[in-house]
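Asks: predicted structure and sequence below. I'll ask about it afterward.
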Amino acid sequence: HARRRLAEAEAPRASLPKALAPAYAGLAAAPLWLKAIERHLARAFEAPPEVAAWRRQWALWRWMRRA
């Protein structure tokens, strides 16, 4: 369900002006969090797993390059 909602949120990005891309930049790390959560489903109700800061930065950089 979360992946579908993420795809819905990213869909309008292609048709928006490049000036609005930073408004959607927060979505760049969402796939990383979803992947980490899926790996730790047995502990779903504990604190969410950490995603390394460099991975978030790298995802943001790649996301903005595609914008």
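Replies: Great, that's in hand.

Asks: host element of the residue nearest the centre of the chain?
Replies: Centroid-nearest residue in the chain, with CA atoms, centre = their mean: Ala30, separated by 2.1 Å. In the assignment (DSSP states H and E), Ala30 maps to helix 30-39.

Asks: next: Arg62.
Replies: helix 53-66.

Asks: which positions in that helix come out as buried?
Replies: Residues of helix 53-66 classed as buried: Ala59, Trp63 (neighbour count, 16 or more other CB atoms under 10 Å). Backbone N, C-alpha and C define where each C-beta goes, glycine included.

Asks: what's the angle from it to helix 30-39?
Replies: With axes from the mean of the first three to the mean of the last three CA atoms, to 10 degrees defining the directions, helix 53-66 sits at 140 degrees from helix 30-39.

Asks: list the helices and strands helix 53-66 packs on?
Replies: Packed against helix 53-66 by the contact rule (3 or more CB pairs under 8 Å, 6 or more residues apart in numbering; DSSP states H and E) you find helix 30-39.

Asks: who touches the helix it packs on?
Replies: Contact with helix 30-39 is made by Ala2, Arg3, Leu6, Ala44, Pro48, Pro49, Glu50, Val51, Arg55, Arg56, Ala59, as judged by CB atoms under 8 Å, 6 or more residues apart in numbering.

Asks: chain center to it, what's the gap?
Replies: Distance, stretch centre to chain centre, for helix 30-39: 9 Å (CA atoms, centre = their mean, to the nearest Å).

Asks: now do stretch 13-29
Replies: 12 Å.

Asks: how near is Ala2 to Ala19?
Replies: Plainly put, Ala2 is 28 Å away from Ala19 if you go by CB to CB, to the nearest Å.

Asks: mind checking which of the two has more residues around it?
Replies: Taking other CB atoms under 10 Å, Ala2 and Ala19 do not tie; Ala2 has more neighbours (12 against 7).

Asks: among the contacts of helix 30-39, show me the least confident.
Replies: Looking at those, model confidence by pLDDT dips furthest at Ala44: 66.
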